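Asker: Fold the following.
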Amino acid sequence: MIINALARYYDCLKNIPDSPLPPSGYSKVNIDYVIVLNDKGEMVNILPHTKTVTEKGKPKEVPKTEILPERISATSVKANFLEHRPVYIFGMEFDKEFCITEKSKKSFIDYQEKAKIFKEVNSPIAQALYKFSINWKPENEIANSLLTQISKSFGTAKFTYCLETDINSLAGYNESITKKWDVINDEKETDSKELGYCSVCGCYLPIAKLHDNLKGIKGGMAVGTNIVCVNNRAEESFNMEQGQVASVSTEIMKKYTAAFSALTESPYNHAYIGDVTLLFWAESDINPQEIAQSYAVANNFVEESEQTNKTVKNCLDYIRQGKPFDESSLALLDTKFYVLGVKPNASRLTIKFFYANTFGKTLENAKQHFDDLKLYEDQKTPSISRIIYETVSPNSTNKDPNPALVSGLFSAVLNGGMYPGNLLSSIVRRIRTDQDSDKSKFVKINDTRISVIKAYLTRNQRIFNKGEIITMSLNKTNVNQAYLCGRLFAVLEKLQTEAIPGVNAGIKSRYFSSACTTPAMVFPRLIMLGQTHISKLEKSGYLESILSEIMGNLNDSFPKKLDIEEQGKFILGYYQQNKDLYTKKEDR
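Answerer: Residues are numbered from 1 along each chain as shown. Below is the predicted model:
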């Protein structure tokens, strides 16, 4: 189903104007440098090939993307038709200093062998490439000044070529070179291959033995990863080897891998949440990228810009304010929409979740998620990334979240289902154990964490009809014992701060965690302290009245122990009562 959906998305992209897909037989490569050759094939310069972009408000230099003949997907030593990797081109590697290794020797030899093809191409740049490959001697170029200047970025850089007489004409766009590549590529396509029924399209076609690598995956290997791969003879059967076991045709393989690459390259079609790479797309021939952009902006994966188009604004107005779609956007709601979560596992991809529904239902579930999170009007609801961040200790050196929690949370948002139980337990644990810090401006009971608790309890009540209805503001009719205990703690804390302004170690830092878990052990002492604080105040009638109201609803007794959900209600009661105490009467 995933491969089928990606292959159909490829067809959609092919049909739109300014398609992001490269021509068949070509691929996009981020080029860092251009090697400048003279007509003798000598390297006379290396020019940077970058552009300036703004990232988080700051300018940043990034490589320019160029279209080159399709790259080889292989972990073994194999040079490309128009090689861009430095270990092949120069026959050396950099590790504190330039050196020649067994890998670089083999890579350079293969590069020289592949470059012989340029001798047949009637073009000055092709002839220069051929001469460079036969004249370059790695052992004599260890101290090459041009390479030394780029030594820090040498290992990961990508290169292309030009002639010194025309530095703006890159080899990848030379007509004679591209014609030669097209001939070679056509010959590869017409080579005899095993025919079989494609498990995706059902047609009798050549079956792909090896699938192209997929790149752009967070934490994935530099050479790429695979969804379909078999590297174990025990898993082969009926004389089918490697990828033939999956019975996916070469045509479909090329489509789904190209579509996958287009998703990872587009800022509006992918996001990273923890160690999970999220891909999302719309199956539409009209405006698939606008729909994906709407989803990305609505979920805070990318920032809303001043140039936001009408479709995006419609989606944002619906999610944030519940405004209906205008007539021009209504047709988009029936568009098929997909979300795929993947994580690398060595050279393979692990599918964490796959979601398929209409775009309208996807937005409806996203709106429900944001409504459940909302604590007050005009709140900027936290993104999923922010929610995940709050489950990790601020003092931890390892900021990686629980992978199961990431998958479970996103599945709940997509499907409108129950949030994972470990989301609530993680947030409650962080609130109990973390401490406020003036130095780092960290507040343990912050809006994001309370939003998560409220959302969890709200869904728990709506889906399972369990517990009390959760409101955005203080609910004085809620007589849940845990909620009342949280309210009581907020009032006692307020009494202390009124009686002892600027108190260093207040009851929140000393007793909050134990009061949240075992109220009966802590509150009797806190009540006594509260009475002491009342005696020091000239005006305490308002706080005393709230205290009496809460104690009356508690029947002057406290729960012995609170489970994790009850602890969440305690924290929510504390937050809402605290917010109410510090809100002006006319603003309540």
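Asker: next one: phi and psi at residue 463?
Answerer: Torsion angles at residue 463 (phi, psi; degrees, to the nearest 10) stand at phi -80, psi -40.
Asker: pretty sure it is in contact with residue 417, am I right?
Answerer: Yes: at 7.4 Å, residue 463 counts as touching residue 417 under the criterion of CB atoms under 8 Å. Glycine gets a C-beta too; all of them are placed from N, C-alpha and C.
Asker: Please name every helix or strand in contact with the one helix or strand residue 255 maps to.
Answerer: Remark: residue 255 resides in helix 250-265, with elements defined by DSSP states H and E. Applying 3 or more CB pairs under 8 Å, 6 or more residues apart in numbering; DSSP states H and E, one finds that helix 250-265 contacts helix 2-14, strand 26-31, strand 204-206, strand 276-283.
Asker: That one: what's the following helix or strand?
Answerer: strand 270-273.
Asker: Now do the buried residues in that following strand.
Answerer: 270-271, 273 (16 or more other CB atoms under 10 Å).
Asker: that older thread, tell me which of the helices and strands packed on helix 250-265 sits most buried.
Answerer: strand 276-283 (a mean of 24; mean count of other CB atoms under 10 Å).
Asker: Put the alpha carbons of the helix or strand just after it into CSV.
Answerer: Following strand 276-283 in sequence order, the next helix or strand is helix 288-298 (DSSP H and E). Only the C-alpha atoms of helix 288-298 are listed here, as CSV (Å, rounded to 0.1, in the frame of the first residue of the first chain):
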residue,chain,number,x,y,z
PRO,A,288,-0.7,18.6,-4.1
GLN,A,289,2.1,20.9,-2.8
GLU,A,290,-0.4,23.5,-1.6
ILE,A,291,-2.3,20.9,0.4
ALA,A,292,0.9,19.6,1.9
GLN,A,293,2.0,23.1,2.8
SER,A,294,-1.4,23.7,4.5
TYR,A,295,-0.8,20.6,6.7
ALA,A,296,2.8,21.6,7.4
VAL,A,297,1.9,25.1,8.5
ALA,A,298,-1.1,24.0,10.5
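Asker: chain center to helix 288-298, what's the gap?
Answerer: Put simply, helix 288-298 sits 15 Å off its chain's centre (CA atoms, centre = their mean, to the nearest Å).
Asker: What are the contacting residues of that helix?
Answerer: If you take CB atoms under 8 Å, 6 or more residues apart in numbering as the criterion, helix 288-298 is touched by 9, 12-13, 16, 266-269, 271, 280-282, 284, 301-304, 308-309, 311-312, 314-316, 319, 332, 335, 337, 359, 362-363, 366.
Asker: Next, the angle from that helix to helix 250-265.
Answerer: Per axes from the mean of the first three to the mean of the last three CA atoms, to 10 degrees, the angle that helix 288-298 makes with helix 250-265 is 40 degrees.
Asker: orientation of helix 288-298 relative to strand 276-283 in degrees?
Answerer: Using the same axes, to 10 degrees: helix 288-298 against strand 276-283 is 140 degrees.
Asker: Report the inter-axis angle for helix 288-298 versus helix 2-14.
Answerer: Using the same axes, to 10 degrees: helix 288-298 against helix 2-14 is 110 degrees.
Asker: From the contact counts, what lies against the helix or strand just after helix 288-298?
Answerer: Note on helix 288-298: by DSSP H and E, the next helix or strand toward the C-terminus is helix 310-321. Contact analysis of helix 310-321 by 3+ CB pairs under 8 Å, 6+ apart lists helix 288-298, helix 327-330, helix 359-373 as its packing neighbours.
Asker: per-residue confidence at residue 17?
Answerer: Here the pLDDT value assigned to residue 17 is 83.
Asker: Report the separation between it and residue 285.
Answerer: As judged by CB to CB, to the nearest Å, residue 17 and residue 285 stand 11 Å apart.
Asker: if you count what's nearby, which of these two comes out ahead?
Answerer: residue 285 (11 against 4; other CB atoms under 10 Å).
Asker: Which residues are in contact with the more buried one?
Answerer: Contacts of residue 285 by CB under 8 Å, 6+ apart are 12, 15-16.
Asker: Which of these sits closest to residue 495?
Answerer: Lowest distance from residue 495 to the contacts of residue 285 (CB to CB) belongs to residue 12, with 63.3 Å.
Asker: so where do the helices sit in the stretch 401-550 of the chain?
Answerer: 403-415, 421-433, 447-464, 481-499, 507-517, 519-535, 541-554 (DSSP state H, counting those that start in this stretch).
Asker: picking up where we left off before, any chance of JSON lines for the helices and strands packed on helix 250-265, columns mean pLDDT?
Answerer: Converted to JSON lines, the helices and strands packed on helix 250-265 look like this (pLDDT from 0 to 100):
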{"stretch": "helix 2-14", "mean pLDDT": "93"}
{"stretch": "strand 26-31", "mean pLDDT": "90"}
{"stretch": "strand 204-206", "mean pLDDT": "87"}
{"stretch": "strand 276-283", "mean pLDDT": "94"}
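Asker: Same list (the ones you listed) but as CSV, adding distance to residue 172.
Answerer: What follows is these, written out as CSV (distance: least, CB to CB, whole Å):
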stretch, distance to residue 172
helix 2-14, 21
strand 26-31, 8
strand 204-206, 27
strand 276-283, 27
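Asker: I appreciate the help and will end here.
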